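Novice: What shape does this take:
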Amino acid sequence: MHRVLSKPVGSIALLCAALLVCGPLAAKEWLVPAEQGALQEILKDAQAGDILRLAPGDHSGPVEIEKAITLDGDQKARIIGNGTGSVITVHVPDVQILGLTLTGSGLSQETLDAGVKLTKKAHGAVVRNNTILDNLTGVDVHGAKNAIVSNNLIEGRRDLRMNERGNGIYVWNAPDLLAEHNTIRFGRDGVFVNTSHRDTFRYNHFEGLRFAIHYMHGNSGTIEGNTSKGNDIGYALMFSDRLTVRNNVSVGDRNHGLMLNYANRAEITGNQVSAGGEKCLFMYNANKNTVTDNSFEGCPIGVHFTAGSAKNAFQGNAFIGNKTQVKYVGSRMLDWSTGGKGNYWSDHAAFDMNGDGLADTAYRPNDLVDQVLWTQPSAKLLVGSPAVQLLRWTQSQFPALLPGGIVDNAPLMHPPVRPMPNSGVQG
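Specialist: Residues are numbered from 1 along each chain as shown. This next block holds a predicted model:
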C-alpha cells in the first residue's frame, strides 16, 4: 500500500493509527515535512520496509534508526545534527540512507561521531548518493557486515588541524564492505581500515588528506581503480596479508605513493605513481609480494627497499625519470627479473642485438658509492672527486666488485604499454 503523508506533526500519529487498524499492510511511503520533530515522530510509527521521503529543506537530527527503513532525500533534503553524537545512527540490518545532505555531528574522537554510524547490527546497510559535510567522521562502519558506501561526497572539518579530524570512512570489523565511487576530501585519512577483512575499495577519489587509504590489520582486501591526488601518502598498507592493489593512481602525493609496512603476500599490479614528493614505492619489512606492471615515474626515489624485505617478485614495471631508481642497502644480491623478463629502466643505456625486447646487459641501479652515501651522508662532499669517479668506473668494468643489491638480469628495452587507470570518479 502506498501512503503519502504531509500533515502537521500533531496529526501524524492519528493518521498512522488509522492506517494500522487495517492490519498488516505492504510497505508504505511517508512524506516527511521539513518541520521540527516531524522525522522523529514518523520514525516511531514507520514499519520495516517503509520508505520515508524527506521533503526539501532542513530536518532536525540526530536520528536513531531501529527499523529496516529507507530514508530518501532526493538530493534536496538536509538532516542537521545538534553538534553531539552522530547525525544518523543505524542499529538494525537492511537500512538505506539515500540522497541526503548530512552535517552537524559532534567532535568526540572517543565515540567517533559521524555523519552516518553503522553499528554492529546494521548488516547490509546502504549509504548512497549522499553529501556528508563538516562532520568529525564521514561514515563509521563499526561492525556491520556486507555494507555498501557508494557515490557519496564526504568532506571533513577544515577548521580543525589534520590530526584532529576524523576519517572519511572508518572501518572496524566490517567484513565484505564495498566502498565505491566516493569522493573524499579534507579529513585525516580518506579510508582507515582497522581489523577488517575481505573489504573492497574501488573507484574512489581522494584529495587533501594525510593518507588516501590506510590499511591496518586487514586481510584479503581489494583496493582497485582509486585516485589519490596531493595527499601525504597515497596507499599506506600496514600489518596486512593478501591484499590486491590494482590499477590505482597516485599523483603528487608528498611522501610516498605506495607504502608497504609489514604487508605480505600482496598483489601490486597495474598501478601508476607519478610526481611523488619523496618515494614512489616504500617497502619496509614487506615480504612475498608480487609487484608487476606498475609505473613509477618522476620521484626522487623510485623504490626504497629496506628492513629485511624478502622474496618479493618484480616484473614488467616501468621506472621512468626517478632521480634514484632504487635505494637498497644490503649484502644479498636480489634479482628483479622473473621467468626471463625484467623491468624497464629509463636510465639504462643498452642495446638489443637480437631484437627480443630485452637489453643485452643487466641493469644495476646502485653501486658501492651509493651505499656509502646512504650510510654516511657527509661523504656527499666527495662525490665529484676523481677518486670516486675512478671507483665507479672500476666497478662498471669489474662487476665482481659490486656489493649486494638489486640486479635486473633481463631489463626491458621499452616501457610496457598499458591503459591509464581510471578511478571512475569525477574529481
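Novice: for the stretch 301-427 of the chain, what spans make up the strands?
Specialist: Remark: strands of the stretch 301-427 of the chain, listed N- to C-terminal, are 301-306, 313-315, 318-320, 324-328, 333-335, 344-345, 405-407; assignment by DSSP state E, counting those that start in this stretch.
Novice: average pLDDT across the shortest one?
Specialist: Taken as a whole, strand 344-345 has an average pLDDT of 96.
Novice: Name the surrounding residues that touch that strand.
Specialist: By CB atoms under 8 Å, 6 or more residues apart in numbering, the residues outside strand 344-345 that reach it are 317-320, 325, 363, 365, 408, 411-416. In short, each C-beta sits where N, CA and C put it, glycine included.
Novice: looking at those, which has the most residues close by?
Specialist: Neighbour count (other CB atoms under 10 Å) singles out residue 319 as the most crowded of the contacts of strand 344-345, with 30 neighbours.
Novice: how about the helices in the stretch 301-427 of the chain?
Specialist: 368-375, 386-397 (DSSP state H, counting those that start in this stretch).
Novice: mean pLDDT lowest for which of those helices?
Specialist: Across the helices of the stretch 301-427 of the chain, helix 368-375 has the smallest mean pLDDT, namely a mean of 51.
Novice: Look up the residues forming beta bridges with residue 65.
Specialist: Judged by DSSP bridges, the bridge partners of residue 65 are residue 90.
Novice: rewinding a little: now the contacts of strand 344-345 in TSV, with distance to residue 74?
Specialist: Putting the contacts of strand 344-345 into TSV (distance: CB to CB, whole Å) gives the following:
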residue	distance to residue 74
317	47
318	46
319	50
320	47
325	53
363	58
365	56
408	56
411	57
412	53
413	57
414	52
415	48
416	46
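Novice: Put together TSV for those residues, with distance to residue 346 and pLDDT on each row.
Specialist: What follows is the contacts of strand 344-345, written out as TSV (distance: CB to CB, whole Å; pLDDT from 0 to 100):
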residue	distance to residue 346	pLDDT
317	12	97
318	8	97
319	6	96
320	4	96
325	8	93
363	11	89
365	11	83
408	13	93
411	11	95
412	11	95
413	11	93
414	10	93
415	8	91
416	13	86
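Novice: Find the helix or strand that residue 42 is a member of.
Specialist: Secondary-structure assignment from DSSP states H and E places residue 42 in helix 38-45.
Novice: That helix packs against which elements?
Specialist: Under the contact criterion of 3 or more CB pairs under 8 Å, 6 or more residues apart in numbering; DSSP states H and E, the helices and strands touching helix 38-45 comprise helix 9-20, strand 29-32, strand 51-54, strand 57-60, strand 63-65.
Novice: how many neighbours does residue 212 have?
Specialist: Residue 212 is flanked by 31 other residues according to other CB under 10 Å.
Novice: Verify the stated contact: it with residue 223.
Specialist: No - with contact defined as CB atoms under 8 Å, residue 212 does not reach residue 223; the gap is 9.5 Å.
Novice: so what sits against both of those two?
Specialist: Among the neighbours of residue 212, those also in contact with residue 223 (CB under 8 Å, 6+ apart) are residue 235.
Novice: Local confidence estimate at the residue nearest in space to the middle of the chain?
Specialist: Nearest to the centroid of the C-alpha atoms of the chain, with distances taken as CA atoms, centre = their mean, sits residue 213, at 2.7 Å. The predicted local distance difference test score for residue 213 is 98.
Novice: So what touches the helix or strand hosting it?
Specialist: When secondary structure is defined by DSSP H and E, residue 213 falls within strand 211-216. If you take CB under 8 Å, 6+ apart as the criterion, strand 211-216 is touched by 167, 189-195, 201, 206, 221, 223, 226, 228, 231-240, 243, 250, 253, 263.
Novice: hmm, try it at 7 Å
Specialist: 189-194, 201, 206, 221, 223, 226, 228, 231-240, 243 (CB atoms under 7 Å, 6 or more residues apart in numbering).
Novice: Look up how far residue 67 lies from the closest residue to residue 29 other than its chain neighbours.
Specialist: Take residue 29 and drop its neighbours on the chain: the residue closest to it by CB to CB, 6 or more residues apart in numbering is residue 51, 4.6 Å away. When CB to CB, to the nearest Å is the yardstick, residue 51 and residue 67 sit 12 Å from each other.
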